[in-house]
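**Student:** Below are the sequence and a predicted model; questions follow.
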Amino acid sequence: MSEYAIQLKNIVKTFGSVVANNNINVELKQGEILALLGENGSGKTTLMNMLSGIYQPDSGEILVNGEKVLIHSPEDSKKLGIGMVHQHFKLVDVFDVTDNIYMGEVNKKYNLKEKLAAINSKAESENIDKKKSKLFLKKTRECFNALSFYIKNIFLNKKRYYKLIELSNKFGFEIDPHKKIYDMSVSEKQTAEILKVLCYGAKIIILDEPTAVLTVQEIKKLFSVLKKMKQEGHSIIIITHKLNEVMEISDRVTIMRKGEFVKTLETAKTNEQELTDLMVGKKVDLKINRPVVGFKKPLLEIRNLTIKNDEGAIAIDGVDFYIRGGEMLGVAGISGCGQKELCEAIAGLRKIEDGEICHKGESIVGLSPEKIIEKGISMSFIPEDRLGMGLAPSLSITDNMILKTYRKGKFNPFVDRKSAKELADKVIKELNIVTPSSETPVRRLSGGNVQKVLVGREIQSTPNVIVTAYPVRGLDINSSYAIYDILNKQKQSGTGILFVGEDLDVMLSLCDKIMVLCHGKMMGIVHADKVTKEQLGLMMTGMLNLSEAKPEKNYGIAKDSNIVNNNVKNEESFAKGEEHED
Amino acid sequence: MKTNSQSVKKEPRIRIAKRVEMSSKYKILLTAFSVLAALIISGILILFLGKNPFEFFLQVIVGSFGSAINLKLLIRIFVPILITSLGLSIAFKMRFWNIGGEGQFIIGALVAMTFALLIGDSLGRFGVFVVIVTGAVGGGLFALIPALFKVKFNTNETLFTLMLNYIALYLVQYFLYGGPKFYISDRPGIPTFKVIDEMLFLSDFKSGLFSVDTSIIVAAILIVFIFVYLKYTKHGYEISVVGDSVNTAVYSGMNVKLITLRTIFFSGAIVGLAGALQLTGSAAGHTLSVNITGGVGWTAIIVAWLAKLNPLGISIVSLLMSVLEKGCGYARTKMGISDAVSDIIQGLILFTVLACDFFINYKVILKKTDKKNMLFDSASAKNELTSNKDESEGSNDLKLCEGGENK
C-alpha cells in the first residue's frame, strides 16, 4: 500500500470567474491527522468537496492509496473509502440515527442473478465426483438460502441497531441509536454523521469545521474519538480555524490562502504565531485588546428575569444583571443553558414569564421587536447553521443591510437602496468580505463571509446596546480579530455590549465582566481580569455558585440603578464590585 | 472489483455543472433560440402532414395579429392570463403557493355579477368601476381564507387553495341549477345566467381613431405597478424577506402575519379583478358561466413560473401563450389540420422553453478524449489485466472495497 492515503496534485477548480482552488497540492499520509488551515473562503471546503464527489476538479489529479482515481459522485467517494462530515449536516430529521445510516446501505443491491450463476458454476465443478441426487439437494438448499436472504434483504432488519451499538462502543461514542435526529443536539448530530461515515467503512475521513458548533467539553470528547480512530488506522483531514485545536490534534498542517496552496508543516515543529502568519500572509498580532472606558450609567438592566424555552421548560430562571455604557459583559455557559432564550427575550422575540428588562430606565417588556430595534438595541445571534436567523439568504448583501432599517421614513413607500448599497460597500471594505459584488445573494458567500455581513450590519446601525451571540463562530483569525476590534470601538464610543461566547480564552481577555449561566441560573458575575479559566469552568458546570455562596451581594443590581423603588439587598456591595476571590 | 474500478475510473463524456452567472443578453438569445428550435421541429412535423410549415406559421401570425378582429380576440385571451398571472406571482414571491387562481377568478366574477345585478343602471357609467372594484375585493377576501388559516394554524396553503377552487366552481353551478333565482334569466329552457345591465358593459377605450380594449390598459398599468411594488417598495421588500426566511423576518421586527394576510389579499384581489374584467368585458358575453375562467387559473401558474415571477417576463410569456392558443386554432381551421397538431406544437414550444431554462442554469461540459486520456485509458486497462492475473493484489483491493460496502 502506498505511503499516502490521498494525494491531490495541481488541483484547479473555478466557479465562473472565481478561482476557488488554484494548483493545490495536498498529501495525506496513512494513519495521520492532517489539519487544513485557511481563512474563510480560502477554498478548503471546495477542495474537500472534490474528494467527496460533490464537485469535479477542472484539472489536476486525485490519487487514493497511490492510484489515480476520478470521483464523480458521493457514491464513488464512498466506494473509495472516503467519508466526509459536512459543516451543515446532511441528515433526515424524522429518521432515527440508525435509519439515517442504514439509508445508505439500502441501495446496496443483492444480485440474485450473479449468485445463481455462482451456484451453477460451483455445481458444475463438483459434478465429477458426487452423486447426482446429493448434488440436486445441495443446489436446492443453496438456491433456497439465496432466495431467503434476498427476501430478508427487502425488509428492515432489527440487527442494524446492534451493529450500530457495536460500532459506537468500539470508538467510544455515546449515542442512542433510536433517537430521532430532530430531538438531537448539534453535537449528537455530528456524532451521527461521524458514525455514518464509519459505518460505510470509510478509511479516510474528512471533517469540515467539526468544532465550530461544539462546546469545550464536546470538543474534548470528539478529539479522543479522533485519536482512537487514528489508532485504528484511519486517516483524517480536519478543517478548523482554531489554532489551539490544530496544535492539539494534528500531525501535520496544510495551509491555504485565497485558493492557493501555501505550505505543509509538521505540527510539532511549528507554533501558532507562524501558522497565523502563513495563513494570513502577513504578521498578525495575536493579542486581544481590552480598552478601559470610564464609568457610565447602566444602560440595560435586567431583574429577576424568567423565560421559558420552546418546550415550555424554564430556560432562564430569575436572573439579574446589568450592562453599563462602555462595558462588555460576557455570558459564559455550556450551550443550551439559556443564552439563546436570553438574547431573544431582550430583542423582544420571546415572551418573558416574569421579571423586568429596562433600557435607560424604561421598561421594554412587551414591546414589539420593531420598537426595540428603534430604541437602539441590536441583537445578532449567529445560530449554528449561520443562516437561520438574521439574514435572508436569497437576497443580495445590499438588501440584507437594510433588514432592520428599511422602515425609516414613514410616508415614503419606497425602499432606500442607494444608501443601502453605500453601506454594503462600506461593510464589504471594512470587514474584507470576499464577494463578487454587493448585489451577490448572501447564500453564495462562504460561511465566514456570511457572518461578516450580519455582524457588519448590526454594528453599522449604531446601536447603544449590542447583544451578540457567537459573533465569531466559525470565523478565521483575521476576521475574528476584525470583529473584536469593531466591538471594542463600539464599546469605546459608549455602547453596552452583551457578548455571548464559547471560547473562554477570548472572553477572558476581551470582556470586562463575565456572567456565568448554568441551567438557566446565574452562577455569578466576575471581573474578567480576576478570574481563571478553571474557575469559570467550575461555575459553568454548576460546581461553584458565587451567587449562592454570598447571597447578600447581589451582583446583578447596580448601585446607581435607573429602576426606582428597587429592593437592592446590599448597596455597599457595589463599591467593591463583584470581587469574589475566596 | 472490476466493475467498481471501472465505475470510478471511467470519465463520462458529458458532465453537467451549475452555471454561476449568465449575462442577460445571452439569456435572451438562448430563449429566442429555443423558441426557434421548437418552430423548426414543429415545422418538420407539419411537413410530414403534407402541409407547408411556412404557411402554417404565417397563418398563426395572421390568426393572432392579422386583422382587428383577430387582434381583439387575441387580447381577450391574453389579458385574463396576464392579470391572473401577475396576481399569483405576488403570492409566489412570498413562497405562498397560491394555486387557487381559478377559485379567486370565479369569485371575483361572481361578486362582480352580484353587484352588477344589484345596482343595475342606478349609478350610470360609474357603476362599471364599482362592479370591478367589488369583484377584486371579493377575490381578495376569498384568498384571505387560506391565508388566515395559514397564519393561525399553519395549514398547508397548497391544498387549501386547491380545494377552494372547487368550492368556487360548484358555488357557481349551484346558483345556476338549484339556488335562488336571483342570478337566473327568465328565458325558458336550460337555465342561463342573466346578462348584466348594458350600462355596466366594459366598453372599449376610444380616443380619436384609436380604440382598444379597456382591460388591456388596466393590465398595462398593473404590470408597471406590480413591477415597482415588488422591486422598489417596502412592501415588496417585506414580501421577499418573508419568502426567503420567516425566521429572519420575525427577527428584524416584521409583522409576518400581517404581511402574509396583506400580500395574499392583494394576490387574490388582482386575480379577482381579472374575473370582474372578464365578466364586464365582451369576452364572456357580459354574463357569468360555469367555465368563465377557461382554465386561466392553471395557465397563469405556468406563466408566472416560466417568467421567473418577473412582471415584464409575465407579459411576454402570456402573449406567447395566447398566440399559441389563438393563432394555432386559427391556422388549424384554415389549413384543415387536426387540432391535436396544434396542441403538439404548443407543447413543443413549452417544452423547449423549459429546456432552455435548464441550459441557463447549468452548463454541459463535453470531455474530449485527448492524448493524455488515451494514455490513461490504456494504463487502466493494463491495470485491470494485472489485477486479474495477480490474485493477491486483486484480493487485497477486493477486501477494501467489500469492507467499504459490508460494514
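**Tutor:** That came through fine. Numbering: from 1, shown residues only, chains lettered A, B, ... in the order given.

**Student:** pLDDT wise, what is residue 216 at?
**Tutor:** All of this refers to chain A. Predicted confidence (pLDDT) for A:V216: 73.

**Student:** my bad, chain B
**Tutor:** B:I216 is given a pLDDT of 89.

**Student:** Quick check: which element contains it?
**Tutor:** In the assignment (DSSP states H and E), B:I216 maps to helix B:214-232.

**Student:** swap in A:L498?
**Tutor:** strand A:496-500.

**Student:** what about the helix or strand just after that strand, average pLDDT?
**Tutor:** Counting by DSSP H and E, the next helix or strand C-terminal to strand A:496-500 is helix A:504-510. For helix A:504-510, mean pLDDT is 85.

**Student:** Likewise for stretch A:312-326?
**Tutor:** Mean predicted lDDT for stretch A:312-326 stands at 85.

**Student:** nearest residue to whatever residue of the stretch 251-400 of chain B ends up closest to chain A other than its sequence neighbours?
**Tutor:** Nearest residue of the stretch 251-400 of chain B to chain A: B:G253, at 3.5 Å (CB to the nearest CB). Placement of C-beta: from N, CA and C, glycine included. Counting by CB to CB, 6 or more residues apart in numbering or on different chains, B:G253 lies nearest to A:E370, which is 3.5 Å off, once chain neighbours are set aside.

**Student:** Please apply the same query to A:E353.
**Tutor:** Nearest non-adjacent residue to A:E353, counting by CB to CB, 6+ apart: A:T306, 4.4 Å away.

**Student:** Kindly report the same for A:P413.
**Tutor:** Excluding the flanking residues, the one nearest A:P413 by CB to CB, 6+ apart is B:T233, at 5.0 Å.

**Student:** re earlier: list the buried residues for the helix holding B:I216?
**Tutor:** For helix B:214-232, a neighbour-count test (16 or more other CB atoms under 10 Å in any protein chain shown) marks B:214-216, B:218-219, B:222-223, B:226-227, B:229-230 as buried.

**Student:** pLDDT on the helix or strand harbouring B:S211, on average?
**Tutor:** Per DSSP H and E, B:S211 falls inside strand B:210-212. For strand B:210-212, the mean per-residue pLDDT is 71.

**Student:** that older thread, where's the residue nearest to A:E353, which helix or strand?
**Tutor:** In the assignment (DSSP H and E), A:T306 maps to strand A:298-308.

**Student:** Pull out the buried positions in that strand.
**Tutor:** Neighbour counts over strand A:298-308 (16+ other CB under 10 Å) mark A:298-303, A:305-308 as buried.

**Student:** Check stretch B:123-131 too.
**Tutor:** For stretch B:123-131, the neighbour count (16+ other CB under 10 Å) marks B:127-128, B:130-131 as buried.

**Student:** And stretch A:513-531, by the same measure?
**Tutor:** Under the neighbour-count criterion of 16+ other CB under 10 Å, stretch A:513-531 has A:513-526, A:528, A:531 buried.

**Student:** First residue to last residue on that stretch, what's the distance there?
**Tutor:** Stretch A:513-531 has its terminal residues 10 Å apart, counting by CA to CA, to the nearest Å.

**Student:** Same question for stretch B:181-192.
**Tutor:** Using CA to CA, one end of stretch B:181-192 lies 11 Å from the other.

**Student:** what's the neighbour count on the closest residue to chain A within the stretch 51-200 of chain B?
**Tutor:** Of all residues in the stretch 51-200 of chain B, B:R95 sits closest to chain A, at 10.1 Å by CB to the nearest CB. Close neighbours of B:R95, defined as other CB atoms under 10 Å in any protein chain shown, add up to 14.

**Student:** for it, helix, strand, or coil?
**Tutor:** Recorded secondary structure, B:R95: coil (DSSP: H, G, I helix; E, B strand; the rest coil).

**Student:** Any stretches of the stretch 251-400 of chain B with poor pLDDT?
**Tutor:** B:367-400 (pLDDT under 70).

**Student:** how about the residues of the stretch 151-300 of chain A that lie near chain B?
**Tutor:** Residues of the stretch 151-300 of chain A that fall close to chain B, judged by CB under 8 Å from any CB of the partner chain: A:167, A:198-203.

**Student:** biggest separation within those residues, which pair?
**Tutor:** A:L167 and A:K203 (14.4 Å; CB to CB).

**Student:** the longest helix in the chain is where?
**Tutor:** Answering for chain A, as no chain was given. Assignment by DSSP state H gives helix A:132-154 as the longest helix of chain A.

**Student:** Correction: the question concerned chain B.
**Tutor:** Longest helix in chain B, counting residues (DSSP H): helix B:126-153.
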